[in-house]
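Visitor: pasted the sequence and its predicted model underneath.
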Amino acid sequence: MGRWIALFVPSLLLAACGANKDSGPEEVELEEDTGVAVDPDGGTDDGGLVFDVSDDMNAGDGFTDGGACATTKAAAIKQPVDVIIVIDQSGSMSDDIANVRANINKLSDNLKKTGLAYRVVMIAGYDSASVRNDGTTYATSASYQVCVPAPLGGATCGAPNTYFRHANVHVESYDALKAVALTYDSTAPTVKWKDFLRPGAAKVIIPITDDNSNYSGTSWLYGLSATDFDNQMLSKPGAPFGTKSKRNYVAYPIIGAPAYPAESPKCGSNAVNTGSEYIALAKLTKGRWFPICLTDFGPVFTEMAKSIATRVACELTIPEPPTGEKIDYNKVNVTYTSSSGGTSEQIKKDDSAPCEAGANGWQYNADNTKILLCGDACKKVQADLSATVVVEFGCGTVTK
């Protein structure tokens, strides 16, 4: 058979077809958007994905050759993730800011290990020219500046790269959520980040503060309630953060509350407030919270990356078929292979009920652009985040 080695990016799958049995591997150039190197031996350095134009003949009624059907296989594409971090830079936060600087790369490292295509936006002042929510310039003092080190950050403080964008905004005690809502639409070169987000990517918002999002006053210093913030983000043109019936963002705040799911008392004497509005936002978006009182955020960012990967594991984008072919949605099958290898398992299509109502297998989403894993199939993939889910085109769909 002819095999094509390919690196999948979030919104683009390059595939080749028309191979013959005598052809060898061919190079396929792809966008650099995942930070994963192509292994010329047939994979990638993190478990990799191989696009396989196969001559295997399987029983069925797809593309026929002597009564059998030929399948074309491609690994399903994991949903990309855009992470937005916003940090309180008030007087009580210097040690927490140092903790973030020391451990933020553990978040991106662990996201990469799960095979997710990620980007990170940091909203925090990093020099003497940062701006506040009222639009005035504010000289963030050195001990409160947030400089993200390499490899996630750039060579100099605030420098962007393919995976990282820094919005130079000084954040106060109460206005972290307001900073996210206001700066999203900014066009200022050192502040804007809307253009950095990707269509279809899941959005993760991580506020880091020892206080609450107080909203009792009219001053620019005051924040937004969880409900007001949610309404503002869901009203953004194009619905990048989703709708009330299906939100496309989740909140994972690091706040003064004890470890999830406890909401009180404060996690320690250095916390100003438990952060009830952040707790409400996490509940609203089906997220969770983490205590800011920990002296090492490394385990927090590791656990957060796992939670993010688990959340998006069961919603997979259908790869494009080979050039010149169209998808017959009655001739699509799905298989699962564990990260330890072994025999692939077939996941049967189950349309007996919606995923959330007891289906146990896979089904299409409303517009047939994604495969949704339901029930035990979803649990299996969530338990093995490095597993491979493959979509096979060409043979009649196996159903329950």
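Guide: Sure, I can see it. Numbering: from 1, shown residues only.

Visitor: let me see the ranges of the strands in the stretch 301-400 of the chain.
Guide: Ranges of strands in the stretch 301-400 of the chain, per DSSP state E, counting those that start in this stretch, are 315-317, 332-337, 345-347, 362-364, 370-373, 388-393.

Visitor: for the first one, packing partners?
Guide: With contacts defined as 3 or more Cβ pairs under 8 Å, 6 or more residues apart in numbering; DSSP states H and E, the secondary structure elements packing on strand 315-317 are strand 77-78, strand 370-373. To be clear about C-beta, it is placed using only N, CA and C from the backbone, and glycine gets the same treatment.

Visitor: for Val171, find the nearest of those strands.
Guide: Val171 sits nearest to strand 77-78 of all these, at 31.0 Å, using Cβ to Cβ.

Visitor: rounded mean pLDDT for whichever helix or strand comes after the closest one, please.
Guide: Next helix or strand after strand 77-78 toward the C-terminus (DSSP states H and E): strand 81-87. Mean per-residue pLDDT for strand 81-87: 98.

Visitor: list the helices and strands strand 81-87 packs on?
Guide: Against strand 81-87 (3+ Cβ pairs under 8 Å, 6+ apart) you get helix 94-113, strand 118-123, helix 176-183, strand 202-208, helix 298-312.

Visitor: can you tell which of these is closest to Asn333?
Guide: Closest among the helices and strands packed on strand 81-87, once you apply Cβ to Cβ, is helix 298-312, at 22.1 Å.

Visitor: most packed of the helices and strands packed on strand 315-317?
Guide: strand 77-78 (a mean of 24; mean count of other Cβ atoms under 10 Å).

Visitor: what's the mean pLDDT across it?
Guide: pLDDT averaged over strand 77-78 gives 90.

Visitor: listing partners with orientation, what would you give for that strand?
Guide: Strand 77-78 has the following sheet partners, assigned by DSSP bridges: strand 315-317 (antiparallel).

Visitor: if we can go back for a sec, including mean pLDDT and distance to Ile279, could the strands of the stretch 301-400 of the chain go into CSV?
Guide: What follows is the strands of the stretch 301-400 of the chain, written out as CSV (pLDDT from 0 to 100; distance: least, Cβ to Cβ, whole Å):
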stretch, mean pLDDT, distance to Ile279
strand 315-317, 93, 26
strand 332-337, 96, 36
strand 345-347, 97, 36
strand 362-364, 98, 33
strand 370-373, 96, 29
strand 388-393, 93, 34
